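A.B. asks: The sequence and its predicted three-dimensional model are supplied below.
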Amino acid sequence: MRSSSEILKSAVAAAKETLESLVDLDAQIAKAADLIEQCLRAGNKLLVCGNGGSAADAAHFTTELVVRFAKDRRAYPAICLTSDGGLLTAAANDYGFDEIFARQVAAFGLEGDVLIVLTTSGKSKNVSRALEEAKSRKLKTIALLGRDGGSTIGLADVDLLVRSDSTARIQEAHKLLLHVLCEIVEERLAHA
């Protein structure tokens, strides 16, 4: 059995390697930031979703945008599609779990909005369906993915793929990417 010290050192080393690999996403991060900036400058909104830990990250991201990240500034319109238990359970019950996010995109998504999805496996059918619904409604899309991107790779306008086989390391990297996007957007919109 490994000691707690060995587990900690191993986790830190793996996290460091995963986080350092994000530098390779520079061009994609710039594209994602451009989509978010254009959306918010035009008075449109962000819709954000994911399952499990990714649902929590979606909620965290929208909170940073609506309230603030690092600086006091105007509130940015961002809706977390994972937050309403009544809506989620009704949609799952009446239309199936694969439709819980697509149904909300159909209700709230307008041309000019941006849908941001998170999936560590890239295999979440409800996330893929949300992307498909967003495309049909002319929303721009950003996907934060893990592993090899699964069946979701290529469905979004911008893919931010974290190449790791560890769900924990992918989630940590997604959180950093979301924070970087917040920082970029706050800086760009500081005088808007």
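C.D. replies: Looks like it arrived, so ask away.
A.B. asks: For this structure, which segments are assigned as strands?
C.D. replies: 46-50, 78-80, 114-119, 140-146, 158-162 (DSSP state E).
A.B. asks: ok, residue 56 - how many residues close by?
C.D. replies: For residue 56, the count of nearby residues is 16 (other CB atoms under 10 Å). Backbone N, C-alpha and C define where each C-beta goes, glycine included.
A.B. asks: Roughly how far does it sit from residue 50?
C.D. replies: Using CB to CB, to the nearest Å, we find residue 56 at a distance of 8 Å from residue 50.
A.B. asks: next one: residue 110
C.D. replies: Where residue 50 is concerned, residue 110 sits at a distance of 21 Å (CB to CB).
A.B. asks: And residue 163, by the same measure?
C.D. replies: Residue 163 sits at a distance of 18 Å from residue 50 (criterion: CB to CB).
A.B. asks: do residue 38 as well
C.D. replies: Remark: distance between residue 38 and residue 50 (CB to CB) = 23 Å.
A.B. asks: These two - which one has more neighbours?
C.D. replies: residue 50 (29 against 13).
A.B. asks: doesn't residue 115 make contact with that one?
C.D. replies: No: with contact defined as CB atoms under 8 Å, residue 50 does not reach residue 115; the gap is 11.3 Å.
A.B. asks: just to revisit the earlier point, adding distance to residue 70 and mean pLDDT, write the strands of the chain out as CSV.
C.D. replies: Putting those into CSV (distance: least, CB to CB, whole Å; pLDDT from 0 to 100) gives the following:
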stretch, distance to residue 70, mean pLDDT
strand 46-50, 18, 98
strand 78-80, 16, 98
strand 114-119, 19, 98
strand 140-146, 20, 98
strand 158-162, 21, 98
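A.B. asks: can you tell which of these is closest to residue 104?
C.D. replies: The closest of the strands of the chain to residue 104 is strand 46-50. By CB to CB, the value is 7.2 Å.
A.B. asks: tell me the angle the closest one makes with strand 114-119.
C.D. replies: Taking axes from the mean of the first three to the mean of the last three CA atoms, to 10 degrees, one finds that strand 46-50 is oriented at 10 degrees with respect to strand 114-119.
A.B. asks: ok, which stretches of this protein are helices?
C.D. replies: If you assign secondary structure with DSSP state H, the helices in the chain sit at 4-21, 26-41, 53-66, 85-95, 100-108, 125-136, 167-188.
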